[in-house]
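[1] Show me the folded form of this:
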Amino acid sequence: MIPEGELQMVQCLLRRTDARAALRARLAACLSDTVTLLDGGAAALPAGGAALPGASGLRTARGDAAAAARAVRLLEAAAPPRRLGLAGEVVAAPIASEVRSARATEEALVSSPLAPGSSADAGLPPAALALASERGEALLSITCVANGLFFAPDPEQPAETKAAGVWVACSGAAAVSVGLSTALGEGLFAQEQMAGGRVAFRHVQSGRYLQVVSQSRDPAWVARLNARSPTPAEAFELRSFGGHSFLYSPACGCHLNLRHGTILRGHGAKPGQPSAATPAARMALRTHTAAEVRDHYAARAADAAAARAPVLASMARIASLGASNERRVISYGLYGSSARYTVGVVRNAELAPAVYPGWKVRAGQPVAPAN
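    The predicted model follows:
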């Protein structure tokens with residue numbers, strides 16, 4: 001029932017992994033609020049999300065606005081953590097998960113006063129680049145033509161499945177503005193020659209080989225990074241039809257193809273049937289030099305620094321102001337126990353020591369005017 005134009009906008013937005021992560025975080029908070037209105041039972045997020053506590057437990061533990069105010073005072077009394085986000089450990093349990101979701105969403109933004117996480121932007125390990133160069137291997141990115149995104153570890157893989165390998169999705173978008181892009185190193189593969197003219201693709205960052213799980217194994221048809229040495233299960237045939245390239249896995253008798261969104265699988269449109277060389281299976285292989293990879297990371301770092309410069313300049317200016325014996329207070333009035341109030345005030349209490357050093361945060365429930 002969604003108008004076609006709006007549907008296309010939503011589908012376009014949800015191609016971006018960060019948009020889906022932000023939406024999931026907001027959905028978690030929304031469901032958490034909604035579940036307090038229910039009677040007993042337990043609510044769970046859709047696949048990929050963490051389970052929510054039972055409604056009765058939320059209602060009892062969440063309390064009212066005064067509980068949030070007490071949480072703020074606990075934060076204030078705690079010793080300033082090395083990374084301010086860790087202050088969330090002392091937040092009352094009912095809103096702790098919501099605070100963590102909000103923190104993760106905020107820290108991904110260049111406007112965050114906290115430094116962004118370094119894992120995605122740390123760059124490809126020098127040893128991995130050196131090894132590929134020493135072997136004379138070409139560094140490749142593999143793009144699904146259907147959505148224009150390259151192979152990268154699936155950010156939406158359920159945590160319980162990671163012991164059996166890292167799933168791969170068509171989710172990498174390197175040439176997008178800071179905050180939306182995927183580090184190119186996450187999608188680089190080294191192509192190795194195998195017997196019979198077949199090839200194997202080693203994920204340079206992890207050292208593991210790309211494979212498609214066969215129909216007889218679990219999870220069937222999934223593309224994943226698992227083995228550290230190539231076997232017949234990791235062999236692919238590079239096929240070409242009509243001027244397009246396809247990756248065929250003899251082990252599962254299927255072509256890798258984009259199912260929908262960013263999902264990469266070996267089955268086709270019919271459940272349980274291997275994919276043929278359909279338009280959804282068209283792939284584009286691009287070669288990258290080590291110098292291009294280094295330039296990519298240097299450009300990302302420069303863009304991130306430029307985007308964060310105004311925030312850092314403001315914080316530096318505030319920090320340079322002289323000390324005062326004035327009592328400086330940031331005051332909030334909470335109008336209820338909804339996460340829209342409590343999570344925001346707790347996050348502000350966490351961030352205040354970094355943004356406004358020397359200021360104290362106070363929160364309370366407004367007193368209703370007398371009749």
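
[2] pLDDT weak spots in the chain?
    Within the chain, the segments meeting pLDDT under 70 span 1-8, 16-18, 25-94, 108, 110, 114-133, 136, 174-182, 366-371.

[3] any idea how it splits into domains?
    15-118+312-364, 126-294 (automatic domain parsing).

[4] What's the end-to-end length of the first one?
    Counting by CA to CA, to the nearest Å, you get 41 Å between the two ends of domain 15-118+312-364.

[5] try stretch 200-219
    Using CA to CA, the two ends of stretch 200-219 sit 21 Å apart.

[6] Can you point out the buried residues in that stretch?
    200-205, 208-214 (16 or more other CB atoms under 10 Å). To be clear about C-beta, it is placed using only N, CA and C from the backbone, and glycine gets the same treatment.

[7] Report how many residues lie close to the nearest residue to Arg259 once chain neighbours are set aside.
    Once flanking residues are discounted, Arg259 sits nearest to Arg265: 5.1 Å by CB to CB, 6 or more residues apart in numbering. For Arg265, the neighbour count with other CB atoms under 10 Å is 23.

[8] For Ala281, which non-adjacent residue is closest in space?
    Asn257 (3.7 Å).

[9] quick one, phi/psi of the residue nearest to Arg259?
    phi -140, psi 170 (degrees, to the nearest 10).

[10] same check, this time on Lys162
    Torsion angles, degrees, to the nearest 10, at Lys162: phi -70, psi -20.

[11] Run through the residues that contact it.
    Contacts for Lys162 were tallied using CB atoms under 8 Å, 6 or more residues apart in numbering; there are none.

[12] still on that earlier bit, wait, doesn't the residue nearest to Ala281 sit right on Ile263?
    No - applying CB atoms under 8 Å, one finds Asn257 not in contact with Ile263, separated by 9.6 Å.

[13] Neighbour count for these two, which is higher?
    Between Asn257 and Ile263, counting by other CB under 10 Å, Asn257 is the more crowded of the two (29 against 16).

[14] Look up how far Gly268 lies from the more buried one.
    7 Å (CB to CB, to the nearest Å).

[15] Show me the common contact partners of these two, please.
    With CB under 8 Å, 6+ apart as the test, Asn257 and Gly268 both reach Ser275, Thr278.

[16] Helices of the protein, start to end?
    Along the chain, counting by DSSP state H, helices occupy 4-13, 17-35, 55-62, 65-77, 93-107, 126-134, 290-320, 339-355.

[17] Pretty sure Ala164 sits against Asn226.
    Yes - using CB under 8 Å, Ala164 makes contact with Asn226 at a distance of 7.1 Å.

[18] So between the two, which is more surrounded?
    The neighbour comparison of Ala164 against Asn226 (other CB under 10 Å) goes to Asn226, with 17 against 14.

[19] so who does Ala319 touch?
    Pro357.

[20] Tell me the backbone dihedrals of Arg228, please.
    Here Arg228 shows phi and psi, under degrees, to the nearest 10, equal to phi -100, psi 0.

[21] unless I'm mixing things up, it is touching Arg208, no?
    Yes - using CB under 8 Å, Arg228 makes contact with Arg208 at a distance of 5.9 Å.

[22] And Lys270, how far from Cys254?
    Distance, Lys270 to Cys254, by CB to CB: 12 Å.

[23] Looking at those two now, which is surrounded by more residues?
    A direct count of neighbours by other CB under 10 Å for Lys270 and Cys254 places Cys254 higher, at 23 against 8.

[24] That one touches Ser275, doesn't it?
    Yes - proximity of Cys254 to Ser275 meets the contact threshold set by CB under 8 Å, at 5.1 Å.

[25] List the beta-bridge partners for the residue nearest to Ala281.
    Arg265 (DSSP bridges).

[26] got the contact list for it?
    Contacts of Asn257 by CB under 8 Å, 6+ apart are Leu264, Arg265, Gly266, Gly268, Ser275, Thr278, Ala280, Ala281.

[27] now with 7 Å?
    Applying CB atoms under 7 Å, 6 or more residues apart in numbering to Asn257 gives the contacts Arg265, Gly268, Ser275, Thr278, Ala280, Ala281.

[28] and which of those residues is nearest to Ala316?
    Within the contacts of Asn257, the smallest distance to Ala316 is 49.2 Å, found for Arg265 (CB to CB).

[29] gap between that closest one and Ala220?
    Counting by CB to CB, the gap from Arg265 to Ala220 is 9 Å.

[30] just Ser214 next, same as before
    7 Å.

[31] now Phe189
    Distance from Phe189 to Ala220, by CB to CB: 23 Å.

[32] okay but Arg15 is in contact with Asn147, surely?
    Yes - counting by CB atoms under 7 Å, Arg15 touches Asn147, with 6.2 Å between them.

[33] Now for the two: what residues contact both?
    In contact with both Arg15 and Asn147: Thr262, using CB under 7 Å, 6+ apart.

[34] Tell me how many other residues crowd Leu109.
    Neighbours around Leu109, by other CB under 10 Å: 16.

[35] Please consider this matter closed, and thank you.
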